[in-house]
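> Pasting the sequence and the predicted model now:
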Amino acid sequence: MMGFRTARRLLLATTLAAGAVLAGPAAAQEKVLRIGMTAADIPRTLGQPDQGFEGNRFTGIPMYDALVNWDLSSAERPSVPIPGLATEWSVDAADRTKWRFTLRQGVRFHDGSPFNAEAVVWNVRKVLDQAAPHYDASQVGVTVSRMPTLRTARAISEFEVELTTSEPDSFLPINLTNLFMASPAHWQAKFDAVPASVTDPRQRAQQAWAAFAAEPSGTGPFRGVRFVPRERFEMVANRDYWDEGRRPQIDRVVLLPIPEANTRTAALLGNQVDWIEAPAPDALAQIRARGFTLYQNAQPHVWPWQFSFAEGSPWLDRRVRHAANLCVDRTELSTLLGGLMEIPRGTVGPSHPWWGNPAFEIKLDRAAAQRLMREAGYSPQRRLTVKVLTSASGSGQMQPLVMNEFLQQALRECYFDVQLEVAEWNAVFNNWREGARHANARGANATNVSFATMDPFFAMVRFVSTATQPPVSNNWGYFSNPEFDALIATARTTFDAAARDRALARLHARIVEEAPFLWVAHDVSPRAISPRVRNVVQPQSWFIDLAVMRMN
């Protein structure tokens with residue numbers, strides 16, 4: 001019987017060979033960009049991607065727009081939210097649970113149908129309204145957990161829409177970067193094409209969404225044309241894209257899931273792909289010597305262990321949490337990774353407006369760590385066993401096996417015995433919302449899921465708010481503290497930017513002091529890319545814009 005690894009290699013060889021065909025005679029007529037992703041599968045294509053933010057990067061932003069987009073045009077300044085399918089927005093001064101968005105006119109979906117306020121209402125209902133005929137439970141988890149206060153949408157006119165939140169929430173416009181607009185008309189056509197023998201409305205809706213995923217329709221600069229699960233996904237340029245400055249010059253993009261770093265690197269060096277995420281650190285010199293460009297930039301990103309605060313967790317003792325943070329030589333880890341990381345002082349750094357000057361300093365101090373562990377009752381003779389759920393690859397996960405094995409060895413010096421529970425990335429990511437108490441946590445009392453820090457909700461609120469405990473959002477460890485909830489309420493209901501930053505700084509300082517994480521690294525999102533690919537802007541963001549790139 002053929003083993004899994006052998007079968008996987010044969011499948012990958014077949015996939016890459018198919019990609020190589022595109023790079024041969026067809027390349028003279030068609031400019032094709034082939035990307036080796038860290039994901040083990042193609043991110044979902046129906047409008048709300050999975051596979052973490054790698055899904056947003058490769059099947060979300062290229063094919064879809066949100067009401068609010070990210071500015072990915074600069075490598076020198078942080079990415080900020082900018083108008084997308086909405087040109088402007090404001091909160092109602094009399095009722096701060098209501099927001100009015102003015103929509104961009106003249107935009108059409110890939111199927112030719114118009115974008116308007118009714119389309120926005122339809123896309124909100126697809127994840128929030130269980131009574132809607134097109135409601136899709138499979139899209140809820142990756143969407144609602146990222147914008148938990150949004151409740152309803154109402155069309156005011158053809159190009160004005162009102163969104164209502166459950167409470168005043170100044171974070172809403174940023175959260176809406178995660179709600180991509182799919183075509184209602186295209187979905188309806190797929191629904192109408194479901195055989196009449198399928199009479200159950202939910203089954204008909206599921207089949208319509210499956211057909212939609214195979215032939216997606218958004219408003220983005222690329223449109224999907226070929227989908228082979230676990231093998232490849234192809235997009236072609238949308239020459240009628242509404243933003244003339246982002247109309248693609250690359251004809252076709254081919255996405256290939258290659259979760260193993262060494263396999264990705266070999267594919268790049270063999271000219272079977274033009275771009276890989278997270279190259280193998282020990283191959284960086286060879287990659288550069290072969291003429292490939294290594295792009296990297298400081299990212300709003302944390303690579304952590306997130307601790308469980310459930311009953312019986314060893315991390316309930318703050319001394320243990322502080323000890324773990326003081327026991328890791330992050331400079332040594334950076335050397336191991338070829339310098340492809342930054343050393344964290346918290347979720348954000350001292351130059352950030354949310355810093356807040358915490359009293360606890362994240363640094364290497366093993367003597368202090370050992371003293372704290374002894375105070376907590378541990379020693380070389382009485383060691384503490386902890387179990388960490390991690391993956392072998394995935395969006396923003398950097399080099400998870402190498403890094404976790406490094407942590408396993410480093411923490412031994414501070415009386416920790418670390419057990420690693422390795423699962424497929426999407427399973428780990430899904431359990432991030434299911435929580436530490438769920439069976440899919442596999443008994444782990446820490447989880448290793450990297451996260452974005454681009455906005456207050458993503459950076460802090462979803463991890464320490466009592467209201468975001470599973471299954472609402474990503475408070476995987478069930479952290480709960482009334483002080484934190486009050487700080488969050490102040491920040492969320494403050495609509496003046498400077499005052500909100502001051503509130504968030506107080507929150508960040510308290511998070512570092514209570515240490516619900518082991519902060520290990522900030523990613524620099526390394527990408528090795530062929531010199532044939534031009535106009536690559538590596539922004540200070542988890543995302544990147546394929547639309548502005550060129551190919552020789």
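Noted; the coordinates are in hand.
> since we're on Glu244, how many residues are nearby?
6 (other CB atoms under 10 Å). Where you see a C-beta, it was placed from the backbone N, CA and C, and this is true even at glycine.
> quick one, strands of the stretch 401-550 of the chain?
Here the stretch 401-550 of the chain has its strands, by DSSP state E, counting those that start in this stretch, at 416-423, 446-447, 451-452, 517-521, 527-529, 533-534, 550-551.
> Tabulate the ones you listed (a markdown table), appending distance to Phe227 and mean neighbour count.
Converted to a markdown table, these look like this (distance: least, CB to CB, whole Å; neighbours: other CB atoms under 10 Å):
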| stretch | distance to Phe227 | mean neighbour count |
| --- | --- | --- |
| strand 416-423 | 25 | 16 |
| strand 446-447 | 30 | 26 |
| strand 451-452 | 26 | 22 |
| strand 517-521 | 34 | 24 |
| strand 527-529 | 24 | 24 |
| strand 533-534 | 23 | 18 |
| strand 550-551 | 23 | 16 |
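> continuing past the helix or strand harbouring Lys126, what's the next helix or strand?
Using DSSP states H and E, Lys126 sits within helix 117-128. Following helix 117-128 in sequence order, the next helix or strand is helix 141-144 (DSSP H and E).
> in that following helix, what's buried?
Buried residues in helix 141-144, counted by 16 or more other CB atoms under 10 Å: 141-144.
> Which pair of the residues you listed spans the longest distance?
Largest separation among the buried residues of helix 141-144 by CB to CB: Val142 and Val144, giving 8.3 Å.
> Residues contacting stretch 154-162, please?
Contact partners of stretch 154-162, identified using CB atoms under 8 Å, 6 or more residues apart in numbering, comprise 98-105, 116-118, 120-121, 153, 164.
> And the residues you listed, which is closest to Phe457?
Nearest member of the contacts of stretch 154-162 to Phe457, counting by CB to CB, is Trp99, at 15.4 Å.
> Secondary structure element for that closest one, which one?
Using DSSP H and E, Trp99 falls within strand 98-103.
> Just to check, Ser113 is in contact with Pro184?
Yes: the pair Ser113 / Pro184 is scored as a contact, 7.4 Å apart, by CB atoms under 8 Å.
> So between those two, which is more surrounded?
Taking neighbours as other CB under 10 Å, Ser113 and Pro184 compare with Pro184 leading, 22 against 16.
> out of the contacts of stretch 154-162, who's nearest Arg550?
Closest to Arg550 out of the contacts of stretch 154-162 is Arg104 (25.8 Å), distances taken as CB to CB.
> Show me which residues of the helix holding Lys126 are buried.
Across helix 117-128, burial judged by 16+ other CB under 10 Å covers 117, 119-128.
> Tell me the helices and strands packed up against it.
With contacts taken as 3 or more CB pairs under 8 Å, 6 or more residues apart in numbering; DSSP states H and E, helix 117-128 sits against strand 98-103, helix 141-144, strand 150-157, strand 160-165, helix 184-192.
> mind redoing it with 7 Å?
When contacts are defined as 3 or more CB pairs under 7 Å, 6 or more residues apart in numbering; DSSP states H and E, helix 117-128 packs onto helix 141-144, strand 150-157, strand 160-165.
> Nice, that's everything, thank you.
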